[in-house]
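Visitor: just to be clear, the model below is a prediction. Sequence and coordinates:
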Amino acid sequence: MKVLVVGGGGREHALVWKLSRSPRVKKIFCAPGNAGISSLAECVNIQAENIPAIVDLVRQHKFDLTVVGPEAPLVAGLVDRLEAEGYPVFGPRQRAAELEGSKVLAKEVMRKYNIPTAEYEVFEDAAEARSYIRKVGVPCVIKADGLAAGKGVIVAEDEQVALDAIDFIMRDRAFGAAGTRIVIEECLRGEEVSLLAFTDGEQVIPMIPAQDHKRVFDEDKGLNTGGMGAYAPAPVLTEAQKQEVMEKVMIPTVRGMAQEDRPYKGVLYAGLMMTEKGPKVLEFNARFGDPEAQPILMMLESDLDDVIGAILAGELNKVNLRWSEGAAVCVVLASGGYPGDYAKGLEISGLDAMPENVVAFHSGTAMRNGRVVTAGGRVLGITAKSGSISEAIDQAYQGVSRVRFEGMHYRRDIGQKALGK
């Protein structure tokens, strides 16, 4: 098989890494890829959002499979374009991917199909939104409707923060057109966890639960980021609760999307809050998370190509997912200043010194004069698999200790919430 992976982050490196272990996959291309991916795949300098160029690339090489990693090309309809020309492609179609592309749509689907989530209101007028905040008070959560690279959610514990968030999103257009509408919802309390599932539009098979660490600093302090680390499995979601989420969230969502003429095939990601009243949905994503993909795919023993093939054939019921014992932990190494402004082009050392069972998944990297340099806010995801969560944490941080680049920062508490459980 000849496979194309679309994207250039840590999730895509993990997808390429996992697909490269399939005996049927003989050649992998990646667009645009990164410095780490280039050791496993032929990188093509086409951005993931450049739909016409990606389609032309697929026409040129006639790939046996295209795997779309990021949300932007999914929401832009890349899967629809390739399917229309008869090319096998993994990921939800445009109308299904809008479950992530529009927070408003997601909330409407959840309300209609009785999927547990926070109470909410939608606003297109900033003045009305500010009046609503003054009426209902805080805490509350303000969300940009559209895609905002994981940064369009602001938790406001105080009224002024909430009012400023409305202006930031709607008046200042911090997230562009994504902020034309906002969702204001009640602030759910509890511990967050992510449950991802494979689905062929009818069958839904869960993966192991994972926990992301979105805040930039230890103890969940500082600004939201795209994710500073993750681990799997996350014991905060017990087997009984996982079954509850499947019955109340995942299966009803797939069935509901089908009824809305938005058939959903691919990976369905539910970000959950474990409240006193049970699990409630914070958000849906239409693809693997980043960095959740790194530990999840490291723990997946099944051949990913087999799973994808079954989904495309509508035969997911024939798949029995196999998982490794133990746990995997991913620690993200970020550029100085991230999630704000940061420098690029800084040389990275130590990548050839990873301990056994540790993989340095590249996210924001590039090659320059034969050397690996920084090229993004989240630079690397140092990921370890071991027999227990504590061992995986230790091994991941051993890997972290080998890496150096100017301004590098990372959280030192990834996975700690799991140790008490």
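Guide: Cool, the structure landed.

Visitor: now do the end-to-end distance for stretch 167-175.
Guide: With CA to CA, to the nearest Å applied, stretch 167-175 spans 12 Å between its terminal residues.

Visitor: now the phi/psi pair for the spatially most central residue of the chain, please.
Guide: Relative to the mean C-alpha position of the chain, the nearest C-alpha, by CA atoms, centre = their mean, is the one of Gly289, at 1.7 Å. Main-chain torsions, Gly289, degrees, to the nearest 10: phi -80, psi 160.

Visitor: and what of Ala53?
Guide: phi -70, psi -40.

Visitor: thought it was touching Ile46?
Guide: Yes: counting by CB atoms under 8 Å, Ile46 is a contact partner of Ala53 at 4.6 Å. (C-beta placed from N, C-alpha, C; glycine too.)

Visitor: who has more neighbours out of these two?
Guide: Each of Ala53 and Ile46 has its neighbours counted (other CB atoms under 10 Å); Ile46 has more, 20 against 15.

Visitor: any idea which helix or strand carries the residue located most distally from the centre of the chain?
Guide: Distance from the centre of the chain peaks at Lys135, with 34.4 Å (CA atoms, centre = their mean). Using DSSP states H and E, Lys135 maps to helix 126-136.

Visitor: off-centre distance for that helix?
Guide: 31 Å (CA atoms, centre = their mean, to the nearest Å).

Visitor: tell me what that helix is packed against?
Guide: Applying 3 or more CB pairs under 8 Å, 6 or more residues apart in numbering; DSSP states H and E, one finds that helix 126-136 contacts strand 120-123, helix 159-166, strand 182-186.

Visitor: got the angle for it vs strand 182-186?
Guide: Between the axes of helix 126-136 and strand 182-186, defined by axes from the mean of the first three to the mean of the last three CA atoms, to 10 degrees, the angle is 0 degrees.

Visitor: who does whichever helix or strand comes after helix 126-136 pair up with?
Guide: Using DSSP H and E, the next helix or strand after helix 126-136 towards the C-terminus is strand 140-144. For strand 140-144, the paired strands and their directions (DSSP bridges) read strand 153-156 (antiparallel), strand 182-186 (antiparallel).

Visitor: mind listing what's buried in the shortest one?
Guide: By that I understand strand 153-156. Val153, Ile154, Val155, Ala156 (16 or more other CB atoms under 10 Å).

Visitor: pipe these into CSV and attach pLDDT and distance to Phe198 per row.
Guide: Compiled in CSV, those are given as follows (pLDDT from 0 to 100; distance: CB to CB, whole Å):
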residue, pLDDT, distance to Phe198
Val153, 89, 26
Ile154, 90, 32
Val155, 91, 30
Ala156, 92, 35
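
Visitor: skip the chain neighbours and tell me the closest residue to Arg21.
Guide: Once flanking residues are discounted, Arg21 sits nearest to Asp303: 7.7 Å by CB to CB, 6 or more residues apart in numbering.

Visitor: ok, now Ala293?
Guide: That would be Arg11: by CB to CB, 6+ apart, it lies 4.2 Å from Ala293.

Visitor: contacting residues around the top helix by length along the chain?
Guide: Ranked by residue count under DSSP state H, the longest helix found in the chain is helix 389-402. Under the criterion CB atoms under 8 Å, 6 or more residues apart in numbering, residues 231, 235, 326-331, 333, 350-351, 353-355, 357-358, 360, 382-386, 410, 412, 414-416, 418-419 lie in contact with helix 389-402.

Visitor: same question for stretch 336-346.
Guide: 151, 216, 223-226, 334-335, 368, 373-378, 405-409.

Visitor: tell me how far it lies from the chain's centre.
Guide: 21 Å.

Visitor: check which element follows the helix or strand hosting the residue nearest to Ala293 along the chain.
Guide: Using DSSP H and E, Arg11 sits within helix 10-19. Toward the C-terminus, helix 10-19 is succeeded by strand 27-32 as the next helix or strand (DSSP H and E).

Visitor: the inter-axis angle of that following strand versus helix 10-19?
Guide: Using the same axes, to 10 degrees, strand 27-32 lies at 180 degrees relative to helix 10-19.

Visitor: pull out the buried residues from strand 27-32.
Guide: Those would be Ile28, Phe29, Cys30, Ala31, Pro32, for strand 27-32 by 16+ other CB under 10 Å.

Visitor: name the helices or strands packed onto that strand?
Guide: In terms of contacts (3+ CB pairs under 8 Å, 6+ apart), strand 27-32 is packed against strand 2-7, helix 10-19, strand 42-43, helix 51-61.

Visitor: distance from the chain centre to that strand, please.
Guide: 20 Å.

Visitor: and it, which strands flank it?
Guide: Assessed with DSSP bridges, strand 27-32 is paired to strand 2-7 (parallel), strand 42-43 (parallel).

Visitor: deepest in the core, which of those strands is it.
Guide: Of all those, strand 2-7 carries the top mean neighbour count, a mean of 26, counting by mean count of other CB atoms under 10 Å.

Visitor: quick one: mean pLDDT over that one.
Guide: For strand 2-7, the mean pLDDT works out to 98.

Visitor: what angle separates that strand from helix 51-61?
Guide: Using the same axes, to 10 degrees: strand 2-7 against helix 51-61 is 170 degrees.

Visitor: got a list of contacts for strand 2-7?
Guide: Residues from elsewhere that reach strand 2-7, judged by CB under 8 Å, 6+ apart: 12, 15-16, 19, 25-33, 37, 41, 48, 54, 57-58, 61-70, 73, 78, 305.

Visitor: cool, and stretch 197-206?
Guide: With CB under 8 Å, 6+ apart as the criterion, stretch 197-206 contacts 195-196, 207, 242, 245-246, 250-251, 254, 258, 263-268, 270, 307, 310-317, 319, 321.

Visitor: so after the host helix or strand of Ala328, what's the next helix or strand?
Guide: Taking DSSP H and E as the criterion, Ala328 maps to strand 327-334. As assigned by DSSP H and E, the chain's next helix or strand after strand 327-334 is strand 358-362.
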